[in-house]
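Engineer: Based on what follows, work out the 3D shape:
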Amino acid sequence: MSNIVVLGAQWGDEGKGKIIDYLARDADYVVRYQGGNNAGHTVVIGQESFVLHLIPSGILHKKKICVIGNGVVVDPKALIDEIEGLKKRNIKIDSNLLISEQAHVIFPYHKLLDQLRERRRKIGTTGRGIGPCYADKLARVGIRVVDLLDKDTFAEKLKLNLAEKNEIFKKLYGIKEFSFVKIYREYLGYTEIIGKYITNTTIVLKEAVSKNKNILFEGAQGTLLDIDFGTYPYVTASNASVGGVCTGTGVSPKDIDKVVGVAKAYTTRVGEGPFPTEFEPDLMEEIRQRGKEFGATTGRPRRCGWFDAVLVKHSILVNGLDEIALTKLDVLDEMKQIKICTAYKYKGKFFRHFPADMRILFEGEPIYEEQTGWRHDTSGITSFRDLPLNAQRYLRRLSRMLDIKIKLISVGSERKQTFVLK
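Structural biologist: Predicted coordinates:
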């Protein structure tokens, strides 16, 4: 192990939580670098299922330091609920959890603004205040975790924010103003609980690097939801691609040794936005039920479609991926024929590189090549050579098409249903 980034190579929900959990065995530190509690990583251990939103997946392993980096936006109440929920399940959370003092804080007015904007223009947000919090950060009016530790600084910044936000709610939406006293007291109460976790995580990580510790960087969402490289505006508000690691933690790019992209054996996305390879309704429901494709955070049903090689090639290009971890191969076990999208056709032109023009993605025709399915249960298989021949052919074809090694395969939700391709 060395310093490894694990991130989504599609539209999120690729199974990153499971791959991070698998790799965390050899890590000393596991670090979240962007996003907020709009993300959800699911890890299944035996008969128990854990859904994590803000806390890195490494928390399920003993003797791992879990870091919430400065690039994450933190809802204190959601974080406390997550901590308490894990403690009730006998997961230790104490000195093994660190929160960056530079992370920005989500407030009730962020959530309401998020929900009101979604009503006006639907882009598929979770309504948890992530986007408006990042907007305040970029507008240089955000409140950071470190501000909560100083009552006077917090009061001053909160008053300034409420003066602006309450004016917006009153004049634009006709909504009653937020109370300064209520929010101030509520968040000071949260600070009493999470204060012991707050520190300068940039220094912590730089020291870890200098001591040759193994660091696992955990991405949320997926590259195609990246604010710059995703299907804008149907994206998240942060950099879910590899660049977010450096800006979201303070670690130098020179300290990153490997970048692993996680992709499903098919494609899914939640919410609005273009989806060229989306299934017809009947097949959509079949795969959704077989793959349990419902959002870990919201419970929303995921849209499902064929593997899109154009999309994943874009992720490989943007992130400089070294290898792919492919998940949910078992979900395709019953398929007679399996399709792979190799290009888009729009107005007589073929597009083999992922386009920035959303019209091409919404209206273009996906060009497919077909593979014969394997019609065999793969959920108990633990090596490539034991996979059905057609499953082997499918993996080899994807690897050649993407020009990248597929190194890890997942054939089920449990921790043990993962194996390395040698």
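
Engineer: what sits against Gly273?
Structural biologist: Counting by CB atoms under 8 Å, 6 or more residues apart in numbering, Gly273 touches 11, 123-124, 231, 234-235. C-beta here means a position set from N, CA and C on the backbone, and glycine is covered the same way.

Engineer: Which one of these is nearest to Met358?
Structural biologist: Within those, the smallest distance to Met358 is 6.6 Å, found for Thr231 (CB to CB).

Engineer: how many neighbours does that closest one have?
Structural biologist: By other CB atoms under 10 Å, the residues close to Thr231 number 22.

Engineer: picking up where we left off before, who wins for most neighbours among the contacts of Gly273?
Structural biologist: The contacts of Gly273, ranked by neighbours (other CB under 10 Å): first place Trp11, 29 neighbours.

Engineer: Look up the closest residue to it, ignoring the ones flanking it.
Structural biologist: Arg269 (3.6 Å; CB to CB, 6 or more residues apart in numbering).

Engineer: and that neighbour, how many neighbours?
Structural biologist: By other CB under 10 Å, 24 other residues sit near Arg269.

Engineer: what's the answer for Ile203, then?
Structural biologist: So Ile203, with other CB under 10 Å, has 10 neighbours.

Engineer: pretty sure it belongs to a strand, no?
Structural biologist: No - read with DSSP: H, G, I helix; E, B strand; the rest coil, Ile203 is helix and lies in no strand.

Engineer: Which pLDDT value belongs to the residue lying closest to Thr202 once chain neighbours are set aside?
Structural biologist: Closest residue to Thr202 apart from its sequence neighbours, by CB to CB, 6+ apart: Gly250 at 3.3 Å. At Gly250, the model reports a pLDDT of 97.

Engineer: Can you name the residues that contact Gly250?
Structural biologist: 69-70, 201-202, 205-206.

Engineer: please redo it, this time with the cut-off set to 7 Å
Structural biologist: Taking CB atoms under 7 Å, 6 or more residues apart in numbering, we find Gly250 in contact with 70, 202, 205.

Engineer: need the strands for the stretch 151-300 of the chain, in chain order.
Structural biologist: Using DSSP state E, counting those that start in this stretch, the strands of the stretch 151-300 of the chain run over residues 198-199, 215-218, 258-264, 267-269.

Engineer: Helix or strand with the lowest mean pLDDT in this structure?
Structural biologist: Taking mean pLDDT, DSSP states H and E as the measure, the chain has strand 41-45 as its least confident helix or strand, at a mean of 78.

Engineer: chain center to that strand, what's the gap?
Structural biologist: Put simply, strand 41-45 sits 14 Å off its chain's centre (CA atoms, centre = their mean, to the nearest Å).

Engineer: on contacts alone, who are the packing partners of that strand?
Structural biologist: Secondary-structure packing of strand 41-45 (3 or more CB pairs under 7 Å, 6 or more residues apart in numbering; DSSP states H and E): helix 16-23, strand 48-52.

Engineer: Deepest in the core, which of those is it.
Structural biologist: helix 16-23 (a mean of 25; mean count of other CB atoms under 10 Å).

Engineer: tell me the mean pLDDT over the next helix-or-strand element following that one?
Structural biologist: Downstream of helix 16-23, the first helix or strand assigned by DSSP states H and E is strand 29-32. When pLDDT is averaged over strand 29-32, the result is 97.

Engineer: With stretch 413-422 instead?
Structural biologist: Averaging pLDDT along stretch 413-422 gives 88.

Engineer: Can I get that stretch in PDB, CA atoms only?
Structural biologist: C-alpha atoms of stretch 413-422 as PDB (Å, rounded to 0.1, in the frame of the first residue of the first chain):
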ATOM      1  CA  SER A 413     -22.300  -6.600  -1.500                       C
ATOM      2  CA  GLU A 414     -20.400  -8.400   1.200                       C
ATOM      3  CA  ARG A 415     -16.800  -7.600   2.100                       C
ATOM      4  CA  LYS A 416     -15.600 -11.100   1.200                       C
ATOM      5  CA  GLN A 417     -17.100 -10.900  -2.300                       C
ATOM      6  CA  THR A 418     -14.200  -9.100  -3.800                       C
ATOM      7  CA  PHE A 419     -11.100 -10.500  -5.500                       C
ATOM      8  CA  VAL A 420      -8.000  -9.300  -7.300                       C
ATOM      9  CA  LEU A 421      -7.300  -9.900 -10.900                       C
ATOM     10  CA  LYS A 422      -3.700 -11.200 -11.300                       C
END
